[in-house]
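1. Predicted structure and sequence below. I'll ask about it afterward.
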Amino acid sequence: MAKIRGAVTVNTERCKGCNLCVVACPCDVLALMQKEVNDRGYHFAYMANPDKCIGCQSCALVCPDACIEVYRVVEK
Amino acid sequence: MENNDIIKLENRVYKRPALLNEAHMHYCPGCSHGVVHKLVAEVIEELGLQERAIGVSPVGCAVFAYNYIDIDWLEAAHGRATAMATATKRLMPDKLVFTYQGDGDFAAIGTCESIHSCNRGESIAIIFINNAIYGMTGGQMAPTTLLGQKTATCPYGRCADLNGYPLSITPLLAQLDGTRYVTRQSVHTPANVRKTKAAIKKAFLNSMEGKGTSVVEVVSTCNTGWKLTPEKANKWMEENMFAKYPLGDLKDVDAKNE
Ligand SMILES: Cc1ncc(C[n+]2csc(CCOP(=O)(O)OP(=O)(O)O)c2C)c(N)n1
Ligand code: SF4
Ligand code: SF4
Ligand code: SF4
Ligand SMILES: [Mg+2]
């Protein structure tokens, strides 16, 4: 059966660590960095569970700073 | 399949709109303004109106909107955005003219201009960000502040005897003959973001087609002014704001004709 795989990129310098993408993701893919911060001092978002991403764009849609781009493929 | 195999240009299904320039937005983390800016940029790009769009920015947190979306902008005196938009659209009827205003700007100091522009049926689009507070100046009570809601100027909660009732202005505007499309949306979930984008698109097309005034109210959060995390602010909005400001279309003249 074809399987949908997704991935996102986060512009870590633009990210303000608001956590809204983390909450919006239906697959528990994203998390905020626990310790590391960007130049502005924000704990930025990253793919903590990359294998679970389905490329649904929920995270990108709610991101107020347009940091997230989404990629999607159908694995044969 | 590894992430690197997926992250390729041909697989990209969501990209940052090109009309959002490189400037970092000054908004607080999680602020609704950022999401709506992104939608405005996406819609203008999709309609191919980059060269024909003129925005009018307000006084309020969105005062610097012109720094972020790469189109022509005017900056209006507090509350007067629809008056400037009126003049702009009348002088240049082939342009997409829209205002972007907060509740303090649109529904307090600008009430007169707001109502009369809609009543005259100016072919402008109004994006009205209702976060029930004066965000920019530090979280004072707005006309839209809910009963019981605490702000810097009603620290014990808004009380009708002293402060009057919250103003739901959009239904008033829907009653006016000049309005073509009046809707109330939000941007707190992916589905709502999509709906708001469709509403902005309709409003912008109405402006281009000279059909009269369109109002897109976006019930929004000001997590800083509300003193909540962005996530809790969304929850608070769902539980409190939507009762007074229910989402949905209030008027769509074209839907009736269909
Ligand atoms: C003539 C005038 N009166 C008052 C102010 C102070 N002031 C600046 S922004 C603002 C209200 C902003 O609230 P809103 O329009 O709701 O925008 P928000 O920041 O919440 O997005 C006020 C009263 C001003 N700049 N000019
Ligand atoms: S695209 Fe969907 S599944 Fe992937 S991280 Fe974003 S919200 Fe989660
Ligand atoms: S929604 Fe955007 S700004 Fe907020 S944490 Fe996620 S990537 Fe960062
Ligand atoms: S004060 Fe409120 S409206 Fe202004 S940027 Fe911060 S969260 Fe947004
Ligand atoms: Mg406001």
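-> Perfect, I can see it now. Ligands and ions are numbered 1, 2, ... in the order given.
2. contacts, neighbours, all on C-alpha from now
-> Will do.
3. residues in chain A within reach of chain B, list them.
-> A:5-9, A:14, A:16-20, A:23-24, A:50, A:55, A:57-73 (CA under 8 Å from any CA of the partner chain).
4. Show me what from chain B comes close to ligand 5.
-> B:102-103, B:131, B:133-134 (CA under 5 Å from the ion).
5. any idea which helix or strand carries B:Thr82?
-> helix B:81-91 (DSSP states H and E).
6. So which other helices or strands are in contact with that helix?
-> strand B:53-57, strand B:96-102, helix B:111-120 (3 or more CA pairs under 8 Å, 6 or more residues apart in numbering or on different chains; DSSP states H and E).
7. Would you tell me whether that helix gets close to ligand 1?
-> No - legend: contact between helix B:81-91 and ligand 1 by CA under 6 Å from any ligand atom is lacking; minimum distance shown is 11.1 Å.
8. In contact with B:Asn67, which residues?
-> B:21, B:23 (CA atoms under 8 Å, 6 or more residues apart in numbering or on different chains).
9. gap between it and B:Lys38?
-> 13 Å (CA to CA, to the nearest Å).
10. Which residue ranges of chain B form helices?
-> B:3-6, B:32-47, B:81-91, B:103-104, B:111-120, B:160-163, B:169-174, B:190-208, B:223-226, B:230-236, B:242-244, B:253-257 (DSSP state H).
11. right, so of those helices, which gets closest to A:Glu36?
-> helix B:230-236 (20.5 Å; CA to CA).
12. near ligand 4, anything from the closest one?
-> No - using CA under 6 Å from any ligand atom, helix B:230-236 never reaches ligand 4; the gap is at least 8.3 Å.
13. Give me the helices and strands touching that helix, please.
-> helix A:20-24, helix B:223-226.
14. Need the residues that contact it.
-> Outside helix B:230-236, the residues touching it (CA under 8 Å, 6+ apart) are A:18-20, A:23, B:29-31, B:188, B:221-223, B:226.
15. what comes up buried for that helix?
-> B:230-231, B:233-234, B:236 (16 or more other CA atoms under 10 Å in any protein chain shown).
16. could these be laid out in TSV, adding pLDDT and distance to B:Cys154?
-> Supplementary listing: those in TSV, determined by pLDDT from 0 to 100; distance: CA to CA, whole Å:
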residue	pLDDT	distance to B:Cys154
B:Pro230	98	22
B:Glu231	98	24
B:Ala233	98	19
B:Asn234	98	22
B:Trp236	98	18
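17. right, and the pair among these with maximum separation?
-> Top of the distance list for the buried residues of helix B:230-236 (CA to CA): B:Pro230 and B:Trp236, 9.8 Å.
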